[in-house]
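S.K.: Give me coordinates for this.
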Amino acid sequence: MDSKQPYDVIIVGGGIMGSTTAFYLTLKDPGLRVAVIERDLAYTRASTTLSMVNARIQFSLKQNVRISQYAFDVLERFEDDMAVAGNRPSIAYHREGNLFLHDPAAVDDAKAQMAMQQGLGCQVEWWTPDQIKARYPLYAPEGFAGGTFGGQDGHFDAYAVLMAYKANARAQGAVYIEDEVVELMVDNRQLTGVRTLSGEVYTSSAVVNCAGAWCTELARTAGVALPVDPVKRQCFCVDTAVKPEGPLPLTILPSGFYFRTETGGMVLIGKSLDADPVGFDFTWDQNRFMDELWLELAEFVPAFERLKLVRGWAGLYAVNRLDDNAILGEWPELKGFYLANGFSGHGLQQGPAVGRYMSELILGETPELDLSIFHPRRILEGKPIGEVGIV
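M.R.: Okay, here's the model as predicted:
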């Protein structure tokens, strides 16, 4: 398709958000002219492919729970539903659970959230320290009041899921272009297209910002200020001398420390800190594991004190500083500018529901799942979504 020919929708960013949006748009309207412009189609620095990967039901906001429920349904059927020309994706979907540990002061909030989740049909249970120890003998949970366990939570192959969405979107007519959008073009408060680093101009009256950690930079070219920062998160892979008898769930401590087992008996570890650097920094620092994480892991799992650090990597969270929740919908002050931003580490699992929702908004359909609570008008009004506890 010639670059001078207008597109119906231009999506900036071809990661999980961009590709699910392209998939649903072309599924709903096969005649729609959709272009996805992605700066790196190898996805070497995409948050989608650098994620530790998790799909969980344990959120304290009802809409986030509903988003995860849809993702669970999609992932369960994914390999059958997303085959293209006989090529069936293999996404290694493992539902090994998520276990959140809670301090005594957090018990009331945790149980209230659990009751809400159960009321929505979620399989979440309260476990005492003794129950945790019985299920996972290597753990030392005695210092905690207990934990909430989501048995349907799990992880999957993020790259395989992304490639399947991309392959289906392309088979349905979406065009993927490798280039970097450097300017959103505006005329009288109406978005008219984009200009790329290579000098190409692509025109459309609907542009979707799916640029992930780069979303704020992109929006700024149209005079839109987003409260989203690119924050570095590091993951570490270790080989422990003592192996658990079976897979361990993603286990999250109140400090923000988390870990789970990986294929081959390895353990993946990470921790989110307020002091994590802001910027586009992908350097990996093994000293962080030795200085900050090793002791915490050994305290909760004493058998893991002896281990070998095998590898690590760094990726970016697109952190919404207003309330850590997604920003979804058309920017009130700029017609045709749609946002799917600020997922703060939840984006991969929220991709299916968000892609469907964005397609519904763009096509003027009534959404199957009402996500209007995430509308960007709250950014202009400075009104965060009221959510406490797990985010």
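S.K.: Quick one: end-to-end length of stretch 296-310, please.
M.R.: Separation of the first and last residues of stretch 296-310 by CA to CA, to the nearest Å is 18 Å.
S.K.: Run through who's touching that stretch.
M.R.: Stretch 296-310 is contacted from outside by 138-141, 236-242, 251, 253, 255, 257, 259, 266-267, 269, 271, 286, 289-290, 294, using CB atoms under 8 Å, 6 or more residues apart in numbering. In short, each C-beta sits where N, CA and C put it, glycine included.
S.K.: Quick one, which of the residues you listed are buried?
M.R.: Neighbour counting with 16 or more other CB atoms under 10 Å marks 138-141, 236-238, 240, 251, 253, 257, 259, 266-267, 269, 271, 289, 294 as buried within the contacts of stretch 296-310.
S.K.: Which helix or which strand is home to Val65?
M.R.: Here Val65 sits within helix 62-81, counting by DSSP states H and E.
S.K.: Remind me what that helix packs against, helices and strands.
M.R.: Applying 3 or more CB pairs under 8 Å, 6 or more residues apart in numbering; DSSP states H and E, one finds that helix 62-81 contacts helix 107-119, helix 158-171, helix 347-363.
S.K.: Would you mind listing where the stretch 1-150 of the chain has pLDDT under the threshold?
M.R.: For the stretch 1-150 of the chain, the stretches flagged by pLDDT under 70 are 1-4.
S.K.: Let me see the ranges of the helices in it.
M.R.: Secondary structure of the stretch 1-150 of the chain, counting by DSSP state H, counting those that start in this stretch: helices at 16-28, 47-50, 62-81, 107-119, 129-135.
S.K.: Over to the stretch 201-350 of the chain?
M.R.: Counting by DSSP H, counting those that start in this stretch, the helices of the stretch 201-350 of the chain are 215-220, 286-288, 294-300, 347-363.
S.K.: If you average pLDDT over each of these, which is lowest?
M.R.: Ranked by mean pLDDT, the helices of the stretch 201-350 of the chain bottom out at helix 286-288, with a mean of 90.
S.K.: I would like the residues contacting that helix, please.
M.R.: Counting by CB under 8 Å, 6+ apart, 234, 236, 309, 312 sit against helix 286-288.
S.K.: Strands - which of those land there?
M.R.: Those of the contacts of helix 286-288 mapping onto strands are 234, 236, 309, 312, per DSSP state E.
S.K.: So which of those is surrounded by the most neighbours?
M.R.: Counting neighbours by other CB atoms under 10 Å, Phe236 leads the ones in strands among the contacts of helix 286-288 with 25 neighbours.
S.K.: separation between it and Phe259?
M.R.: For Phe236, the distance to Phe259 equals 9 Å [CB to CB, to the nearest Å].
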